[in-house]
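[1] no sequence on hand, only this structure:
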């Protein structure tokens, strides 16, 4: 059965994602660029703005929306 849809979209700093510091919302496995299945380029400011990620442990798909830590809008 599909997990709660609110867990399918998380926000994370892009630097943390590139450093494998982002955790899967389903089982807590750390994920990063290696597990990206698709980049989303349709939300400003700088591409990629979001990425679809597949967790290597539980195989769940979720979306990581990148936020900027210096106060700029996403």
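    On my side now, so go ahead. No experiment lies behind these values; they were computed from the predicted model shown. Numbers count the residues shown, from 1 in each chain.

[2] helix, strand, or coil at residue 37?
    Under DSSP: H, G, I helix; E, B strand; the rest coil, the three-state class of residue 37 is strand.

[3] residues in contact with it?
    Listed by CB atoms under 8 Å, 6 or more residues apart in numbering, the contact set of residue 37 reads 52, 53, 54, 61. Every residue, glycine included, has its C-beta placed from N, CA and C.

[4] what's the offset of the helix or strand of the chain with the lowest mean pLDDT from the middle of its chain?
    Every helix and strand of the chain was ranked by mean pLDDT, DSSP states H and E. The lowest is strand 36-40, at a mean of 87. Here the centre of strand 36-40 is set off from its chain's centre by 9 Å, with CA atoms, centre = their mean, to the nearest Å.

[5] which SSE is immediately downstream of it?
    Where DSSP states H and E defines the elements, the next helix or strand beyond strand 36-40 is strand 50-54.

[6] which strands and helices sit next to that following strand?
    Other helices and strands packing on strand 50-54, by 3 or more CB pairs under 8 Å, 6 or more residues apart in numbering; DSSP states H and E, are strand 36-40, strand 61-67.

[7] and the last one, which residues are buried?
    It refers to strand 61-67. 62, 64, 66 (16 or more other CB atoms under 10 Å).

[8] residue 58 against residue 23, yeah?
    No - at 12.0 Å, residue 58 does not count as touching residue 23 under the criterion of CB atoms under 8 Å.

[9] tell me where the model's unsure across this structure.
    Residue ranges of the chain with pLDDT under 70: 1-4, 42-47, 69-74.

[10] ok, the residue most central in space within the chain - contacts?
    The chain has residue 64 as the residue nearest its centroid, 2.0 Å off, counting by CA atoms, centre = their mean. Shown in contact with residue 64 (CB under 8 Å, 6+ apart): 10, 11, 12, 17, 22, 31, 50, 51, 52, 53.
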